[in-house]
Every structure is written in C-alpha cells, then in structure tokens.
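In: Pasting a predicted model and its sequence here:
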Amino acid sequence: MDPVEALREIAFWMERSRAETRRVQAYRKAADIVEDLGDDERERHAKARSWSSLTGIGPSTAKAITQAVAGQEPTKLVDLKAAAEPIGGGSELRRALRGDLHLHSDWSDGGSPIEEMMRRAAALGHEYVALTDHSPRLTVANGLTAERLEKQLEVIEGLNDELAPFRILTGIEVDILDDGSLDQREDILARLDIVVASVHSKLRADSATMTRRMATAVADPNVDVLGHCTGRLVEGARGTRPESSFDAEAVFDACRTHGTAVEINSRPERRDPPMRLLRLAVELGCEFSIDTDSHAPGQLDWQGYGCERAERAGVTADRIINTLPADDLLAWTES
C-alpha cells in the first residue's frame, strides 16, 4: 500500500469519526512529508526503518508508514474501519443525493487543498460538489477577496478538465451583511454556479432586524441556498450557541417565493435547522439542500446525518435540489 495513500486514508477515517483536528493533522503532515521525498530517499528510509528521524513524523505515523511500505494495511487503518459506524444508515435520501453544495478548502478555513477535497468527494460517489469558501468579511476564516476568488475559478477550471466526468461547481458561502446585502461583488456572484448565503455576525440581533436581514438576502436573485439559518451550535470544541431569533415563517416564505433552498446542515455541532423549524419549512413548501459544510475530507461522509433528520421531518427527494443531475441543478439556479 502506498504510504502516502495510507496516511491520507487514516486521516479520512479519523475525520469521519470526528477526531480532534490536531491528531488528524499529524497524519496529513506525515503524508505531505513522505510525498515530497524522492524515490532514493524513500528507499533509504524504508530499508533503515528511519521514518521517525524525519521532522514531523512521530512513532504512530512512522509505524503506519513502515507497515504500508511492507505491503500491509496499517493496523491503525484496519482498526478505524472496523470501528466505523454507518452515518444515517442506508437511507433512500442519501442514495438519491448526487452532490454536496457547501464545503470549504484551505483557500479559506478548510484544512485541505481543493484537489484533495474533490478527489475524496468523487471517491465517495458524488457526481458533483460546489466549492463554497468564505467571502472577504469573514477575515477569521481567511475569506476570499474578489481577486482571490477569480484565481480560484481558474484553478477549478483546470481541475474539472482533470477530474471529469466528476464536476466541481463554482461557488461561495457569502456573508449576509447587516442590511441583508451580500459580501461580494454582484458581477462575480452572478458568474458562480452556487451561492450559499449565511449569517456569521451579530447573531444576537433582535428578531425584526434578523428577519429583515435574512429575507432581503434570500430574495437576491444570485442566492441559491440559505445556509445554517439559526447559527446555533449544540456541541463541539467551539462550545454551544443559542439560535438566532427571527420570524421563521416569514423567512421560509421568502425562500419559497424567491426559489432559495433551505440548507439542512449535516455538521453534528449544528444540526440546523432544528426539527421544529425544519418541519415548518416542509409545511410552507420550501425546497432544500442537504450539505455537509465540510472543512476536511473525512467530513464529506457526514451527509447521512442531514438525510436522517430530513427523513424524520418528511422531506422527500423531489424537494432536495442536490438530487438533481448537474445540468438540471444549474438550470434551476439560473431560473
């Protein structure tokens, strides 16, 4: 087994099981180190079993490398696969999904390069995904200026040629500003395949203010998906955070009227919208997008969490936009 592949597989399965980022990054760093070695250097370290002499490779990663070089599946990888539990079971909704419309790369606050995210998505069976790194106002997440986003579009074009028939859709998770306007130039937003609009600031604003802000944003013709609408956090390293206060009926009615899908965010710490609001959106006739909001390759397998909640709320496949083939999805966004 190629040691670089083995280390990245270990990282994937660790991320899937929600391991601490620090522990996962040790395996990704080791993979990068081994990948950068020349053939002669690899052979020398393999013969001497001196992997741990390389800065950044510790006993655990060295053991995995040694086993992979010897033609064995590393014990760590075997154990992770054996302990892995199904995410969301074998639900009909999950089988119906063709892609993921909300994920991040290391161009903003994700932990992995675009290509690594996309190759993993393709390996999981996705036909397409939308790359939706953050917009410039979210400086803490290294949000993309207009110039950086335009450079990213060039990178995506090249990768699409390389990864076809898998397809990377151009996109952004754009901040909804205080007045409901969007944190990116309108002409660039109009060029993108998928625009996810989310609130990331002043989450404790009063209900009337937040309602106007969100309703204005989802009415923008460039917006396709309303991301993690309540902004809540229910667990995880960042702690917990209460839901934002807004008139959900008014916001969801605006989504339905203007053809903006409500995101069912699959991240375990978000589970957004809460079930009562998800059921309300169903009753009001909204369309949905089940997304992972992934920041690492292993999180791309989290869609089952969202599917499980969607099924409990009575969401059917014909109301989920990422069950559509790519061309039909883009026709929907353009309409």
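Out: Yep, it's here.

In: So what's the gap between the longest helix seen in the chain and the chain middle?
Out: Counting residues, the longest helix found in the chain (DSSP state H) is helix 146-163. Put simply, helix 146-163 sits 17 Å off its chain's centre (Cα atoms, centre = their mean, to the nearest Å).

In: Show me the strands in this protein, by range?
Out: 99-100, 128-131, 167-175, 194-198, 225-226, 261-265, 288-291 (DSSP state E).

In: residue ranges with poor pLDDT in the stretch 51-200 of the chain?
Out: Along the stretch 51-200 of the chain, segments meeting pLDDT under 70 span 89-90.

In: hmm, 90 instead?
Out: 86, 88-91, 111 (pLDDT under 90).

In: With the stretch 201-335 of the chain instead?
Out: 236-238.

In: could you show me where the helices are in it, in order?
Out: 207-218, 248-258, 275-283, 303-313, 326-334 (DSSP state H, counting those that start in this stretch).

In: Tabulate the ones you listed in TSV, adding columns for distance to residue 164.
Out: Yep, even glycine has a C-beta here, placed from its N, CA and C like the rest. As requested, the helices of the stretch 201-335 of the chain are exported to TSV (distance: least, Cβ to Cβ, whole Å):
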stretch	distance to residue 164
helix 207-218	33
helix 248-258	33
helix 275-283	35
helix 303-313	23
helix 326-334	11
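
In: Of the ones you listed, which is nearest residue 49?
Out: Of all those, helix 303-313 sits nearest to residue 49, with 39.6 Å by Cβ to Cβ.

In: separation between the spatially closest residue to residue 213 that is not a sequence neighbour and residue 232?
Out: Once flanking residues are discounted, residue 213 sits nearest to residue 180: 4.6 Å by Cβ to Cβ, 6 or more residues apart in numbering. Note on residue 180: its distance to residue 232, by Cβ to Cβ, to the nearest Å, is 20 Å.

In: I'd assumed residue 170 was in contact with residue 132.
Out: No: using Cβ atoms under 8 Å, residue 132 makes no contact with residue 170, being 9.2 Å away.

In: who touches both of the two?
Out: Residues touching both residue 132 and residue 170 (Cβ atoms under 8 Å, 6 or more residues apart in numbering) are residue 194.

In: These two: who's more crowded?
Out: Remark: of residue 132 and residue 170, residue 132 carries more neighbours, 30 against 19, as counted by other Cβ atoms under 10 Å.

In: can you pull the contacts of that one?
Out: By Cβ under 8 Å, 6+ apart, the residues touching residue 132 are 101-104, 171-173, 194, 196.

In: These: which two are farthest apart?
Out: 104 and 194 (13.2 Å).

In: More neighbours: which of those two?
Out: Between residue 104 and residue 194, counted using other Cβ under 10 Å, residue 194 has the larger neighbour count: 28 against 25.

In: hang on, the earlier thing: just put the strands of the chain in a markdown table and tack on distance to residue 150.
Out: Putting the strands of the chain into a markdown table (distance: least, Cβ to Cβ, whole Å) gives the following:
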| stretch | distance to residue 150 |
| --- | --- |
| strand 99-100 | 23 |
| strand 128-131 | 14 |
| strand 167-175 | 10 |
| strand 194-198 | 15 |
| strand 225-226 | 22 |
| strand 261-265 | 25 |
| strand 288-291 | 24 |
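
In: Count the residues that sit near the residue lying closest to residue 323 once chain neighbours are set aside.
Out: Using Cβ to Cβ, 6+ apart and skipping residues adjacent in sequence, the residue nearest residue 323 is residue 96, 4.6 Å away. Residue 96 has 16 neighbours, counted by other Cβ under 10 Å.

In: Quick one: residues contacting residue 96.
Out: 317, 320, 323.

In: Out of those residues, who's the most crowded?
Out: Neighbour counts for the contacts of residue 96 (other Cβ under 10 Å) peak at residue 320, which has 22 neighbours.
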